[in-house]
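Novice: sequence and predicted structure, then a few things I'm wondering about:
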Amino acid sequence: MSLKDNSIIYLQRDVSSIRTDLLPGRVLWTNGNWVAAELDVVTFPYAGKKVVMLFEDGRRFVMQDARVEGVIDCEVADAPPPYEDLPRMDFDEDSRSVSVVLERIGEPSSAESRECFRVRTSALNVSVEFGSCSECELTDISQTGFAVLSEEFFELHSVVDVTLPGEDSVVDGHVKILSVRQLRDAWYRYGVAVLGRGLQNACKSLANELQRQVLRRSLSVRA
């Protein structure tokens, strides 16, 4: 299995949830089934809890069960060797990292068609056509839906025209608004589910590609 030092992983924090965000992390070391990783400060119960770990294995995006064995609540970059010379995850400015020890369970399996996780895509600066706006920021995406920012207001459960990039060309279709949250400066964040097979295929393809990009870009060196 190609899980090595400095590999990027994601942890699914709530394995009972239909959809959940993924928590990005960087592998510090591996030893057999044991993995230590640097992650942003986490909200799930730690010791003994099962999680799902996702990572890139060659050209595949795979998933594997894991158990959280312990958490060292410290800044990894300030820790003694061998951590001090390693690059850090590119977390938000107001976040704090911890070192988590995991035990991998079983063998990894393909996660390419998994529909129950979302990956944050804000750092990729991806825009989609949403309603009357031709460039709305895509903030996260899954196999079946996404979240987008817009200044245009839509009611909950509205059906909205969208355009997504496809493999060969753009794909037009419709989405249903599942959540609406008003942000500062009159912006709205919409969580949507895609409708129709054509747009579903485009969303799935885009999600897989952006998930890979996020994995590759997650590791950066802080000045």
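Specialist: Now that the structure is in, tell me what you want to look at.
Novice: what is Tyr10 paired to in the beta sheet?
Specialist: Beta-bridge pairing for Tyr10 (DSSP bridges): Pro24, Leu54.
Novice: and the gap between the nearest residue to Leu199 once chain neighbours are set aside and Arg60?
Specialist: Using CB to CB, 6 or more residues apart in numbering and skipping residues adjacent in sequence, the residue nearest Leu199 is Gly173, 3.1 Å away. Glycine gets a C-beta too; all of them are placed from N, C-alpha and C. From Gly173 across to Arg60, the span is 28 Å (CB to CB, to the nearest Å).
Novice: looking at these two, which is more packed in?
Specialist: Just comparing Gly173 and Arg60: by other CB atoms under 10 Å the higher neighbour count belongs to Gly173, 19 against 14.
Novice: next, the more buried one: secondary structure please.
Specialist: At Gly173, secondary structure determined by DSSP: H, G, I helix; E, B strand; the rest coil is strand.
Novice: for it, list the residues it contacts.
Specialist: 161-164, 194-196, 198-199, 202 (CB atoms under 8 Å, 6 or more residues apart in numbering).
Novice: let me know the distance separating it from Asn201.
Specialist: Distance, Gly173 to Asn201, by CB to CB: 10 Å.
Novice: circling back to that earlier point, and the contacts of Gly173 as CSV, adding distance to Asn31, neighbour count and secondary structure?
Specialist: Listed next are these as CSV, based on distance: CB to CB, whole Å; neighbours: other CB atoms under 10 Å; DSSP: H, G, I helix; E, B strand; the rest coil:
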residue, distance to Asn31, neighbour count, secondary structure
Asp161, 52, 12, strand
Val162, 46, 23, strand
Thr163, 48, 15, strand
Leu164, 42, 24, strand
Val194, 42, 25, strand
Leu195, 47, 16, strand
Gly196, 48, 13, coil
Gly198, 47, 14, helix
Leu199, 44, 19, helix
Ala202, 41, 23, helix
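Novice: circling back to that earlier point, so what's the residue nearest to Leu199 bridging to?
Specialist: Val162.
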